[in-house]
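1. Need the 3D shape of this:
(chains A and B)
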2 protein chains.
Amino acid sequence: MSAKKLLVDIHTHVYLPRYASLLRSRTSVPRILSRTTPSGDTEDRLLILDHEPSGGRPVGPQYWDREEKLKFMDKHDIDISVVSTANPWLDFLPPSTAHSLAQDLNTDLESYCSTSPLLPSSSSLNRLYAFGLLPLVPSIPIPHILSTISQISSLPHLKGVIIGTRGIGKGLDDPELELVWEAIEKAGLVIFLHPHYGVGNGEEWGERENGHVLPLALGFPFETTVAITRLILSGILDRYPSLHILLAHSGGTLPLLSSRLSSCIDHDPIVQHCLKHDARWYMSKLWFDAVAYGSEELGFVSDVIGRAEAFDKPGSSASVSVSVGGEGRKKGSERILFGTDHPFFPPLNESEKWRSVVENLEAIDGVRGWDQEAKDGVRGGNALALFGLS
Amino acid sequence: MSAKKLLVDIHTHVYLPRYASLLRSRTSVPRILSRTTPSGDTEDRLLILDHEPSGGRPVGPQYWDREEKLKFMDKHDIDISVVSTANPWLDFLPPSTAHSLAQDLNTDLESYCSTSPLLPSSSSLNRLYAFGLLPLVPSIPIPHILSTISQISSLPHLKGVIIGTRGIGKGLDDPELELVWEAIEKAGLVIFLHPHYGVGNGEEWGERENGHVLPLALGFPFETTVAITRLILSGILDRYPSLHILLAHSGGTLPLLSSRLSSCIDHDPIVQHCLKHDARWYMSKLWFDAVAYGSEELGFVSDVIGRAEAFDKPGSSASVSVSVGGEGRKKGSERILFGTDHPFFPPLNESEKWRSVVENLEAIDGVRGWDQEAKDGVRGGNALALFGLS
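-> Numbering: from 1, shown residues only, chains lettered A, B, ... in the order given. Purely as a prediction, here's the structure:
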């Protein structure tokens, strides 16, 4: 089997036992609580937000048991998974707890991966790698974040960090985080930016009972969009051009809004001169998971990446004179990476393949303008390159 | 000149003199205030939201003087404009004022259009048509909205209504509005759904000074997305399948989120059986303005419309087996309509063409897979059909 043909899942979550225990010990969200079902069984429910509808979601061994992760991978022919702790990470903890738990969980993650099976086709690659955790909480001393970055770089199976959108309380454009970006860039770690809180509140969702749909389908991608837009506007991507930022859910809605963003920047006297490039240019500096649910969506995201370099100059009116042919779309595919969002969105029937996974793969397969090489890249080759797995 | 070759602008705003006077008389937002510039000139500024950055935006005759609108149209070869009152419409008024002002402004709009020049190529078409206003404010008696719908249907140059996202205070999925949708459908009026408040608040935008960029580039399209999603989830499009809803800014972010929305609906026990169709199907029941700022964006929106009919059944796993060839993209173009957002985003230099307009036209011209017929449709033919102008 050629390394290029591997299927690599870069969006797949865990709550390691140490983390699950913490959630069980808590009396407020986030927490795991056990309850008895009408049929007399015991059921664990995960509550991650206040006022969560439907009493939270069921959780089970697929969140903490490595054998379950490997079984899931085998069922769907996934060769390698780069796992990450699911939201809300350490966001809710006081600084000292966050710092020590980050270190402990990073050690746990290293062990989870380093003792995982080797790929049959390789003498050196394991089947599991991971994103580490940083103690990104209010009032944390910055050196504690920096020392955790050092720790992660020293753990060979940890290839990046997963972060939420709040930074140390004021978002990712907080000037206090400058040294953090510098250290992450220097360490060559991939940043996986993932939503948790949503943008939009109860009032905006209205009074009608729509379950989780509005915060999950809309609020989550909005949150990612706001976070990466603020990061771009703060100039971080200009100052740290070698940062590797991977956006959950194909960048939320940024791909569809980058041209409007460019127009709004160009017409705003306060912002129009603050960036080195047109807003659309930054699309070619980011990576996007393929959790976009459709071939047209993936094709569009790759168009937006593929055209980006034409927007080198800020205020460029090249806007629409860029004709992205098949080459642009193919080039854009190099920054899109397969993901499953496991263990979320499980199937109703345990024995079947996960619809979310099958559909993500079908979506990749169905993109017009992607040849087999492009599809193989999205399925695994791009991940191997980004994470330096070879 | 063949009628098919007309350039029709369906997203272009006015504050008629009666409305501008009201804004001048006010001491809280929304208001127009006059101030003296450092060079001693008098300048009108429009403030439409509390805490608006940069002291509001300059406003002038282009908002209320019909000659300015016609000059703008001539400069850009726009044959017909379907004008609409700009946000925040009547949202801030007490019910009785809103009701009487809606009626007066609708009469003003009819006169503004009916006395406008005739198209040189036609003996029957004027150069100006309009969306009317409804008194959509809290505590309004529903019969007052219904009587305004009747009034608008009786005014021959008013072809629809422009509405915001709050309905009579509880959003567009408010059961109280049922008779309103029924009456609008029966009258055959086009609904132009437009944002005003934004989704996302100051906390989410962060502390960094980014001017208007975040609320305008992101918050506006988020708001439209939430509103139309709530409308879909409420079943309104199932119950009133002949409603003609036109979405500002190419539907905000709905085109990129409709597949995720479908997945979230299918996985949510509360919502999964409430709709007649898969969420993606509704894209083919909506219209989208072409204010999307790029050819790739427009092409993608037309893909999403063009594939929609394959998602007839709810929970259909056809998701990604739909291969949208050039035909799908071309078919989707039939629901996309040119717009300018005039008089917002003016050029810095008065004598030049408006970049926003030029770029919207270039974006239409550059869409791969749209032949000349499709482009002519988006430039004007689709609008003539939707508004029954012939």
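
2. if you look at stretch A:240-255, does any of it touch chain B?
-> Yes: if you take C-beta under 8 Å from any C-beta of the partner chain as the test, stretch A:240-255 does meet chain B, through A:His249, A:Thr253, A:Pro255. Every residue, glycine included, has its C-beta placed from N, CA and C.

3. What is the burial count for the last one?
-> Think A:Pro255. Using other C-beta atoms under 10 Å in any protein chain shown, A:Pro255 is surrounded by 29 other residues.

4. got it, and the second one?
-> Residue crowding around A:Thr253 was assessed by other C-beta under 10 Å; the count is 27.

5. any idea how far it is from A:Thr225?
-> Between A:Thr253 and A:Thr225 the distance is 5 Å, computed by C-beta to C-beta, to the nearest Å.

6. Could you name every residue contacting both of the two?
-> Residues within reach of A:Thr253 and of A:Thr225 at once, by C-beta atoms under 8 Å, 6 or more residues apart in numbering or on different chains, are B:Leu218, B:Thr253.

7. Given the worst-scoring helix or strand of chain A on mean pLDDT, what are its sheet partners and their directions?
-> Least confident helix or strand of chain A, by mean pLDDT, DSSP states H and E, is strand A:57-58 with a mean of 84. Note on strand A:57-58: by DSSP bridges, its sheet partners are strand A:42-47 (antiparallel).

8. Can you give me the buried ones in the partner strand?
-> Going by neighbour count (16 or more other C-beta atoms under 10 Å in any protein chain shown), the buried part of strand A:42-47 is A:Asp44, A:Arg45, A:Leu46, A:Leu47.

9. One more: stretch A:229-244?
-> A:Thr229, A:Arg230, A:Leu231, A:Ile232, A:Leu233, A:Ser234, A:Ile236, A:Leu237, A:Leu243, A:His244.

10. ok, the fourth one to A:Leu337 distance?
-> The one in question is A:Ile232. Distance from A:Ile232 to A:Leu337, counting by C-beta to C-beta: 20 Å.

11. My guess is A:Pro94 contacts A:Val137. True?
-> Yes: A:Pro94 lies in contact with A:Val137 (C-beta atoms under 8 Å); the separation is 7.3 Å.

12. Give me the more crowded residue out of these two.
-> Neighbour totals were compared for A:Pro94 and A:Val137, and A:Val137 leads with 24 against 13 (other C-beta under 10 Å).

13. Next one: the more buried one from A:Val180, what distance?
-> Separation of A:Val137 from A:Val180 (C-beta to C-beta): 13 Å.

14. How about A:His212?
-> With C-beta to C-beta as the criterion, A:His212 and A:Val180 are 32 Å apart.

15. next helix or strand past the biggest helix by length in chain A?
-> Across chain A, the longest stretch assigned as helix under DSSP state H is helix A:95-114. Counting by DSSP states H and E, the next helix or strand C-terminal to helix A:95-114 is strand A:128-133.

16. Now do that following strand against helix A:95-114, angle only.
-> Calculated by axes from the mean of the first three to the mean of the last three C-alpha atoms, to 10 degrees, strand A:128-133 forms an angle of 170 degrees with helix A:95-114.

17. Can you list the buried residues in stretch A:60-77?
-> A:Gln62, A:Tyr63, A:Trp64, A:Arg66, A:Glu68, A:Lys69, A:Leu70, A:Phe72, A:Met73, A:His76.

18. ok, for the second one, nearest residue in space, not its chain neighbours?
-> Read it as A:Tyr63. Excluding the flanking residues, the one nearest A:Tyr63 by C-beta to C-beta, 6 or more residues apart in numbering or on different chains is A:Tyr15, at 4.5 Å.
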